[in-house]
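A.B. asks: my questions are about this predicted structure, shown below with the sequence.
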Amino acid sequence: MTKESTIAFASNRGPVSFAEDNGEWQAKRGAGGLAAALDPVARRLGDSAVWVATATSEDDRKAVRAGETERLTSDLGYRVRMLDIESETYSRYYDEISNRLLWFANHCLWDEVGIEDFSGFLEAWEGAYEEVNALFASAVDDEVGPNPLVLFQDYHLSTAPHHLRAQRDDATILHFTHSSFCRPEKGLDRLPERISKGVIEGMLGADLVGLHISRWCNNFVACCEGLGASVDRSRGTVSHKGTTSWVRSYPIPIDAADLTERADVEPVRRWAKRFRESVDDGQLIVRVDRSEPSKNIVRGFEAFGMLLDRRADLRSRVRFVACVYPSRQTMPEYRRYSERIQMAVDDVNRRHPDSIQLFMEDDFDRSLGAQMAYDVLLVNPIMDGMNLVSKEGPTINQREGVLVLSSGAGSFEELGEAAIEINDPLDVEETSTALERALELPNRERRERARVLRARATGTKPENWIEAQLADLRSIADTGEPVSSPPAL
């Protein structure tokens, strides 16, 4: 790799989004943790970096047509290219395939959401998802010079590595999946072969395939074996159709410094005080989540109701605050799940009045205040790529609170020893028992667990995560092998 090699980041969302204000275009930092993780690294790379993303809103599309992205270089220090994709095509690629089909497959959710017929997805796969992934590959090809390093981010771009590899063989390519990855028989194998095979072979177009933890790597490797690929577990490689891909795990951290600073403001402190006062000398259980099926929110409320049913002594001194903000409400499965959440809360509150306080609007200050104030933080996903709430809560909590964490969360590999475990997140009774144990944990043990959680949650920075991927890509380009060790496969 030469010093002049371009480093290209590619993701659905870019580093900024646009809004029109009185005829002027205003750019603000893109939503989500990916923008926060990649932007500082791209800024350090400067002229050698380019970020390719989609225009995700109508305002973004108008801004692209007005040439606003060309002005970003002076503000950010690196180039940005936003793809202007027709809105219907974008919706089919993003909503129908990425955030419905592939999200449910990656999280083993078919039985949970009740989807059995997948024949209607093939047209959107070919006519939208593959089309957009091919556009990404072509845009990257246009933007980079010889011997580039290319980092495709997330399941939205599963087939982009394959498309780019078909266009040039001098690129060193990474694909990183930010979600969990389901075993084939519960996930991709239920899809039409054209889609399941397309996802895996698309990802194997990359020299380096990254996932958060070794468990997701194992599940990905199992999918590769189902296609007849050759796997070397000791080296962490998958060979298929004459190419070899390295498989590595990169657990994504939180930005602890930024989070602590954002929590240290008066609106957050007011929410924390309000939540503490609501329980007097009692205890507070908290959850903070997006409203979607993989988060397993309904079973968490059912478990709390079960606990109050059998423990009359807790009914007057334990309250549950849930900050559950809407997600992907254009999709019927998500709308139905939001309705189920409300029904579950209503059911518990009928039996035990005012025991659950539910907020279903996105209010970051309120969510941070709840995390500062909890005695118990419930994080019980069915599957979750990482789950940053499980790291954010222990970082800013002021109560030496206990984390109740399901083994389905990717963060369990890092935090599980210091948390109260839910081995089977589908087991409501087990979840109820875990909450009970957390509430009754002796103070000395609470303090020690909280100390360990905080240390592990704040031990690395987001830039360390992306730099580790870049170090492996550079090494593959130079020597043919990554520098990091293989996951436990």
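C.D. replies: Yep, it's here.
A.B. asks: where in this protein is the helix or strand with the lowest mean pLDDT?
C.D. replies: strand 24-29 (a mean of 78; mean pLDDT, DSSP states H and E).
A.B. asks: where does the protein have low pLDDT?
C.D. replies: In the predicted model of the chain, residues 1-4, 30-32 satisfy pLDDT under 70.
A.B. asks: that older thread, for the least confident helix or strand of the chain, packing partners?
C.D. replies: strand 16-21, helix 33-45 (3 or more C-beta pairs under 8 Å, 6 or more residues apart in numbering; DSSP states H and E). Where you see a C-beta, it was placed from the backbone N, CA and C, and this is true even at glycine.
A.B. asks: can you lay out the ones you listed as CSV showing mean neighbour count and distance to residue 432?
C.D. replies: Shown next, in CSV, are the helices and strands packed on strand 24-29 (neighbours: other C-beta atoms under 10 Å; distance: least, C-beta to C-beta, whole Å):
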stretch, mean neighbour count, distance to residue 432
strand 16-21, 17, 41
helix 33-45, 19, 31
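A.B. asks: what ranges does the stretch 151-300 of the chain have for its helices?
C.D. replies: In the stretch 151-300 of the chain, the helices defined using DSSP state H, counting those that start in this stretch lie at 160-167, 193-203, 214-226, 256-263, 266-277, 297-310.
A.B. asks: what separates residue 16 from residue 297, distance-wise?
C.D. replies: Noted for residue 16: a distance of 31 Å to residue 297, by C-beta to C-beta, to the nearest Å.
A.B. asks: how many neighbouring residues does residue 310 have?
C.D. replies: Counted with other C-beta atoms under 10 Å, residues neighbouring residue 310 total 9.
A.B. asks: mind putting the helices of the stretch 151-300 of the chain into CSV with distance to residue 429?
C.D. replies: Listed next are these as CSV, based on distance: least, C-beta to C-beta, whole Å:
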stretch, distance to residue 429
helix 160-167, 44
helix 193-203, 35
helix 214-226, 24
helix 256-263, 34
helix 266-277, 27
helix 297-310, 7
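A.B. asks: quickly list the domain ranges of this protein.
C.D. replies: 7-252+463-479, 256-457 (automatic domain parsing).
A.B. asks: can you measure across the first one, start residue to end residue?
C.D. replies: When you say that, I think you mean domain 7-252+463-479. Start to finish, the residues bounding domain 7-252+463-479 are 18 Å apart (C-alpha to C-alpha, to the nearest Å).
A.B. asks: how about the last one?
C.D. replies: End-to-end distance for domain 256-457, by C-alpha to C-alpha: 8 Å.
A.B. asks: list the buried residues of the longest helix anywhere in the chain.
C.D. replies: Assignment by DSSP state H gives helix 332-351 as the longest helix of the chain. Residues of helix 332-351 classed as buried: 333, 334, 337, 338, 341, 344, 345, 348, 349 (neighbour count, 16 or more other C-beta atoms under 10 Å).
A.B. asks: now do the host helix or strand of residue 136 and helix 160-167, the angle between them.
C.D. replies: According to DSSP states H and E, residue 136 maps onto helix 130-143. Angle, helix 130-143 to helix 160-167, by axes from the mean of the first three to the mean of the last three C-alpha atoms, to 10 degrees: 50 degrees.
A.B. asks: okay, buried residues for helix 130-143 please.
C.D. replies: 130-141, 143.
A.B. asks: now render these as TSV, adding distance to residue 471.
C.D. replies: TSV is the format used below for those (distance: C-beta to C-beta, whole Å):
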residue	distance to residue 471
130	31
131	33
132	29
133	26
134	29
135	29
136	24
137	24
138	28
139	25
140	21
141	24
143	22
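A.B. asks: looking at the residues you listed, spot the one nearest residue 289.
C.D. replies: Closest approach to residue 289 among the buried residues of helix 130-143 (C-beta to C-beta): residue 132, at 28.3 Å.
A.B. asks: identify the residues contacting the closest one.
C.D. replies: 54, 83, 85, 89, 90, 93 (C-beta atoms under 8 Å, 6 or more residues apart in numbering).
A.B. asks: can you tell me the SS state at residue 329?
C.D. replies: Following DSSP: H, G, I helix; E, B strand; the rest coil, residue 329 is assigned to coil.
A.B. asks: I figured it hits residue 338, correct?
C.D. replies: Yes - using C-beta atoms under 8 Å, residue 329 is in contact with residue 338, at 7.1 Å.
A.B. asks: and the helix holding residue 136 with helix 193-203, angle?
C.D. replies: Counting by the same axes, to 10 degrees, helix 130-143 lies at 20 degrees to helix 193-203.
A.B. asks: what separates helix 130-143 from the chain centre, distance-wise?
C.D. replies: Taking C-alpha atoms, centre = their mean, to the nearest Å, one finds the center of helix 130-143 at 23 Å from the center of the full chain.
A.B. asks: got the CA coordinates for that helix in PDB?
C.D. replies: Provided in PDB are the C-alpha atoms of helix 130-143 (Å, rounded to 0.1, in the frame of the first residue of the first chain):
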ATOM      1  CA  GLU A 130     -28.700  -5.300  -5.400                       C
ATOM      2  CA  GLU A 131     -29.100  -2.200  -7.500                       C
ATOM      3  CA  VAL A 132     -28.100   0.100  -4.600                       C
ATOM      4  CA  ASN A 133     -25.200  -2.100  -3.500                       C
ATOM      5  CA  ALA A 134     -23.900  -2.000  -7.100                       C
ATOM      6  CA  LEU A 135     -24.200   1.800  -7.100                       C
ATOM      7  CA  PHE A 136     -22.100   1.900  -3.900                       C
ATOM      8  CA  ALA A 137     -19.400  -0.200  -5.500                       C
ATOM      9  CA  SER A 138     -19.300   1.900  -8.600                       C
ATOM     10  CA  ALA A 139     -19.200   5.100  -6.600                       C
ATOM     11  CA  VAL A 140     -16.300   3.800  -4.500                       C
ATOM     12  CA  ASP A 141     -14.600   2.800  -7.700                       C
ATOM     13  CA  ASP A 142     -15.000   6.300  -9.100                       C
ATOM     14  CA  GLU A 143     -13.700   8.000  -5.900                       C
END
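A.B. asks: related to what we said a few turns ago, so which of the helices and strands packed on strand 24-29 gets nearest residue 67?
C.D. replies: For residue 67, the closest of the helices and strands packed on strand 24-29 is strand 16-21, at 11.7 Å, according to C-beta to C-beta.
A.B. asks: just how off-centre is the closest one within its chain?
C.D. replies: For strand 16-21, the distance to the chain centre is 24 Å (C-alpha atoms, centre = their mean).
A.B. asks: still on that earlier bit, out of the contacts of residue 132, which is nearest to residue 303?
C.D. replies: residue 93 (36.9 Å).
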